[in-house]
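Novice: requesting a structural model of the entry that follows:
(one chain, ligands or ions: 3)
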Amino acid sequence: MGDLRRDPVVNRWVIIDGERAEREAIFQMELCAPIPAAECPFCPGREAQDDEVFALGKPGRAANEPGWWLRVIPDKYPILRREGTVERRLEGIFDLMNPFGIHEVVVETPEHHKGWPELDDLQVERVLSTYRTRSLDLRQDDRLRQLLVVKNHGRAVSAFQHPHSLLIALPTVPKGVEEEVQGAAYHFRQSQRCVYCDVIEQEVQMGKRVVLESAQFVALAPFASRFPLEVMVLPKRHAADYETIGDEELLGLAKLLKTVLGSLEEVIQNFSCSIILHTAPLHQDLRAIYHWHLELLPKITKVAGFEWGTGFFINPIPPEEAASRLRVDSER
Ligand SMILES: [Zn+2]
Ligand SMILES: [Zn+2]
Ligand SMILES: [Zn+2]
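Specialist: Ligands and ions are numbered 1, 2, ... in the order given. A predicted model of the protein is given here:
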């Protein structure tokens, strides 16, 4: 295990771990071959390999037995571990922490080959409600500062084809969320309003970047999208914490996400993306200023050296074009 380290200039925390198996792949630049169902650790029949943290399944089913609809298990090769305490130390001007945290895998269905667009609404709703359940549980641990959910969809983002997502809880707030919190706090100080609510109001009124709108949610191509065909999904009801999502909203979100992913799959061949849940940092009162959302980031162009080096992204697809291509109505 390595360290969590903070860059002293940009305030960004990174995990430094020189012992990880994937190091070799970085030097070889090869695409990993998908793991076949016969060897898939997430498929039914291999439950005993992992001690589940949480599961949904048939009534009367015993833990780590078949009969599940969804399982949450610890990651086999965790980047973070829950043992011990959060120890922060200094080395001159450099700031370090031990890799304390949570790293779990949500195995979203027993069916190896089904992505969200092929799963029924109820099963996707189970996945979304599991994010809520785990979030409510992990919130009890006051050493944790941030919950992140990363859902990988498609062949370019993970060797594991079996539908799954990662639940990560950190002892520190990552740069991406921190920047959003600071930006939202600034907007709130200026206007006494939530910046995300203002974006929703204006985008729904203008319509040209809206991909899909339901009674409870809106999917839009962000005005300053970093990546081609990037989509952001926001609840219309202002809420900072994902875990406050209601049962009806879970079903509505499941339906909307299935439609948007289906649309992306139609527009982009061999479509892959990461879906990131951004929710308010834990143990801070950000109820008025922050607004949870999902970011759908398609893997299309390779990030060029310029973008890696500068953090300044170049996106060749205007979000207005992205929205019009992805819209499910007759305009396509
Ligand atoms: Zn599988
Ligand atoms: Zn809001
Ligand atoms: Zn975000």
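
Novice: which bits of the stretch 151-300 of the chain sit near ligand 1?
Specialist: Residues of the stretch 151-300 of the chain lying close to ligand 1 by Cβ under 5 Å from the ion are H162. C-betas here are computed from N, CA, C, even on glycine.

Novice: find the nearest non-adjacent residue to L148, please.
Specialist: Excluding its sequence neighbours, the residue lying closest to L148 (Cβ to Cβ, 6 or more residues apart in numbering) is I168, at 4.5 Å.

Novice: tell me, how many neighbours does the closest residue to S129 other than its chain neighbours end up with?
Specialist: Closest residue to S129 apart from its sequence neighbours, by Cβ to Cβ, 6+ apart: L250 at 5.2 Å. Per other Cβ atoms under 10 Å, the neighbour tally for L250 reads 20.

Novice: by mean pLDDT, which helix or strand of the protein comes out lowest?
Specialist: Ranked by mean pLDDT, DSSP states H and E, the weakest helix or strand in the chain is helix 23-28, scoring a mean of 45.

Novice: show the subsequent helix or strand relative to it.
Specialist: strand 54-57 (DSSP states H and E).

Novice: the residue nearest to L148: what's it in contact with?
Specialist: Contacts of I168 were listed using Cβ atoms under 8 Å, 6 or more residues apart in numbering, and they are I79, L80, G101, I102, H103, E104, L147, L148, V149, V150.

Novice: that one in helix, strand or coil?
Specialist: Classification of I168 by DSSP: H, G, I helix; E, B strand; the rest coil places it in strand.

Novice: from ligand 1, how far out is A63?
Specialist: 19 Å (Cβ to the ion, to the nearest Å).

Novice: and what of P74?
Specialist: When P74 is compared with ligand 1 (using Cβ to the ion), they lie 17 Å apart.

Novice: break down this protein into its helices, ranges please.
Specialist: Per DSSP state H, the chain carries helices over the ranges 23-28, 121-138, 175-191, 195-206, 247-267, 305-310, 319-326.

Novice: make JSON lines from those and add distance to ligand 2 to it.
Specialist: Compiled in JSON lines, the helices of the chain are given as follows (distance: least, Cβ to the ion, whole Å):
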{"stretch": "helix 23-28", "distance to ligand 2": "39"}
{"stretch": "helix 121-138", "distance to ligand 2": "18"}
{"stretch": "helix 175-191", "distance to ligand 2": "8"}
{"stretch": "helix 195-206", "distance to ligand 2": "3"}
{"stretch": "helix 247-267", "distance to ligand 2": "14"}
{"stretch": "helix 305-310", "distance to ligand 2": "29"}
{"stretch": "helix 319-326", "distance to ligand 2": "20"}
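
Novice: of those helices, which shows the lowest average pLDDT?
Specialist: Note on these: helix 23-28 shows the lowest mean pLDDT, a mean of 45.

Novice: right, and ligand 1 sits closest to which residue of the stretch 1-150 of the chain?
Specialist: At 3.0 Å from ligand 1, C40 is the closest residue in the stretch 1-150 of the chain, using Cβ to the ion.

Novice: and that residue, what does it touch?
Specialist: R46, H112, F160, Q161, H162.

Novice: what about P41, how many neighbours?
Specialist: 14.

Novice: that one reaches D50, doesn't it?
Specialist: Yes: if you go by Cβ atoms under 8 Å, P41 and D50 touch, sitting 7.5 Å apart.

Novice: give me the distance between the spatially most central residue of the chain and ligand 1.
Specialist: A centroid search over the chain (Cα atoms, centre = their mean) returns I276, at 2.2 Å, as the residue closest to the centre. Counting by Cβ to the ion, the gap from I276 to ligand 1 is 23 Å.

Novice: that residue contacts H293, doesn't it?
Specialist: No: with contact defined as Cβ under 8 Å, I276 and H293 do not form a contacting pair (9.2 Å).

Novice: what is in contact with those two at once?
Specialist: Between them, I276 and H293 share no contacting residue, judged by Cβ under 8 Å, 6+ apart.

Novice: anything in contact with each of P41 and D50?
Specialist: Common neighbours of P41 and D50 (Cβ under 8 Å, 6+ apart) are K76.

Novice: not counting residues beside it along the chain, what's closest to V106?
Specialist: S165 (4.6 Å).

Novice: so which bits of this protein are right by ligand 2?
Specialist: Within reach of ligand 2 by Cβ under 5 Å from the ion, the chain has these residues: C194, Y196, C197, H238, H291.

Novice: repeat the analysis, applying 8 Å as the threshold.
Specialist: C194, V195, Y196, C197, D198, I200, L234, H238, A239, A240, Y290, H291 (Cβ under 8 Å from the ion).

Novice: how much space separates the closest residue to H293 other than its chain neighbours from Y186?
Specialist: Using Cβ to Cβ, 6+ apart and skipping residues adjacent in sequence, the residue nearest H293 is L234, 4.5 Å away. For L234, the distance to Y186 equals 19 Å [Cβ to Cβ, to the nearest Å].

Novice: higher neighbour count, the two?
Specialist: Taking neighbours as other Cβ under 10 Å, L234 and Y186 compare with L234 leading, 21 against 12.
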